[in-house]
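Asks: After the sequence you'll find the predicted model.
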Amino acid sequence: MRALVRLLAGLALIAAAAASAQSYPDHNVRVIVPFGQGGPTDVIARIFSQKLSERLGHQFYVENIPGAGGNIGTAQAAKASADGYTILVVSTGFMVNPSLYAKVPYDPLKSFTPLTLAAVSPNVIFVNPSIPAKSLKELIELVKANPGKYAYAQPAMGSTPHLSAELLKQTYNLDLVMVPFQSAGLAVNGVLAGQPPIGVTALPPTIGLINEGKLRGLAIEAVKRSPTIPDVPTIAEAGVPGQEADTLTGFVLPAGTPPAIVEKLHAEMVKIGALPEIRERLEKIGFNPVINTPAEFGARIKTEMEKWGKVVRAANLKIQ
């Protein structure tokens with residue numbers, strides 16, 4: 001009799017979850033972006049949120065909660081109810097911060113359920129035109145010949161632009177000063193002003209400036225050239241192979257979100273990601289659309305944590 005009661009209770013829970021997923025969403029959904037407005041993560045969040053709102057009949061509204069390299073907004077999402085009404089949009093910092101910070105208020109693998117990777121953008125190494133180096137190899141030689149003289153701008157501590165620059169420094173034993181900014185846009189503006197004259201950021205905010213000649217692109221950290229800046233070589237073509245680095249943007253949910261809701265949201269993300277207008281919008285701003293399965297995204301999260309954790313430890317980077 002007890003076994004029958006447990007079985008019936010289990011069936012009732014399954015039926016209730018299925019009914020909840022079928023009616024989901026029945027009110028507005030909060031989409032947390034743990035960074036300020038206007039950055040790549042925010043732009044992609046708004047592109048997908050708009051389409052989710054149109055398709056599912058309720059507002060998917062973006063809430064920006066910046067601070068502590070994304071940790072503040074991420075912590076709020078980790079504590080949210082696992083009912084599908086809170087979605088977190090993450091960048092690579094989500095996977096790097098556990099290695100970079102002395103303590104983070106979440107575990108990327110345990111606190112969240114992966115939904116999908118949405119888009120990737122390669123990082124780009126660029127300089128103010130006043131810098132005499134016309135290639136990445138020339139820049140490396142210039143920095144080597146002038147230890148401690150040059151500095152580079154990066155958009156956020158622990159971001160892949162920051163870590164890829166640190167990897168370059170480790171590889172070539174460069175004495176190159178790091179200057180952190182609060183966003184990619186501010187880092188790019190710093191390089192435009194020559195303070196500092198070298199920059200590493202995700203591709204989007206540099207595209208127009210490189211094409212106009214206001215910045216000189218030296219290498220894109222990808223396996224193939226970007227159609228948005230076709231004259232800029234890949235990092236391997238520039239003579240530094242094996243240092244490709246993407247800025248990732250993806251969607252996760254609080255751990256324990258019902259599988260039926262995860263499946264429903266994922267099915268919608270697949271449809272949205274396949275729309276030509278969405279692909280064109282993402283490509284125009286320097287991102288490659290990538291929709292994968294929750295399992296594939298979970299595996300990518302783990303891989304990125306391991307890859308960049310090694311760089312963080314080798315560079316002895318730590319934020320209290």
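Replies: Cool, the structure landed.
Asks: How is the chain partitioned into domains?
Replies: 27-121+247-315, 122-220 (automatic domain parsing).
Asks: In a markdown table, list those along with distance to residue 238.
Replies: Any C-beta I mention is one placed from the backbone N, CA and C, and that applies to glycine too. Formatted as a markdown table, the domains of the chain follow (distance: least, CB to CB, whole Å):
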| stretch | distance to residue 238 |
| --- | --- |
| domain 27-121+247-315 | 18 |
| domain 122-220 | 4 |
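Asks: nearest to residue 231, of those domains?
Replies: domain 122-220 (7.6 Å; CB to CB).
Asks: Can you measure across stretch 21-34, start residue to end residue?
Replies: Taking CA to CA, to the nearest Å as the measure, stretch 21-34 stretches 26 Å from start to finish.
Asks: re earlier: right, and the domains of the chain - which one's nearest residue 240?
Replies: Nearest of the domains of the chain (CB to CB): domain 122-220, 6.0 Å.
Asks: pLDDT on that closest one, on average?
Replies: Summarised as a single mean, pLDDT over domain 122-220 is 94.
Asks: what's the answer for stretch 262-278, then?
Replies: What stretch 262-278 shows for mean pLDDT is 96.
Asks: And that stretch, what's buried?
Replies: Neighbour counts over stretch 262-278 (16 or more other CB atoms under 10 Å) mark 262, 264, 265, 266, 269, 272, 273, 278 as buried.
Asks: for stretch 225-241, same thing?
Replies: Applying 16+ other CB under 10 Å to stretch 225-241 flags 226, 228, 229, 232, 233, 234, 235, 236, 238, 240 as buried.
Asks: ok, residues contacting that stretch?
Replies: Stretch 225-241 is contacted by residues 122, 124-125, 135-137, 140, 168, 171, 203, 206-207, 210-211, 217-224, 242-244, 283-284, 286 when judged by CB atoms under 8 Å, 6 or more residues apart in numbering.
Asks: among those residues, which are in strands?
Replies: The members of the contacts of stretch 225-241 that map onto strands under DSSP state E are 122, 124, 125, 217, 218, 219, 220.
Asks: can you pull the contacts of the first one?
Replies: Going back to what we said before, that points to residue 122. 202, 203, 220, 221, 222, 226, 244, 245, 246, 247.
Asks: ditto for the third one
Replies: Contact analysis of residue 125 by CB under 8 Å, 6+ apart lists 136, 139, 165, 168, 198-200, 217-221, 235.
Asks: any idea how far residue 306 is from it?
Replies: 24 Å (CB to CB, to the nearest Å).
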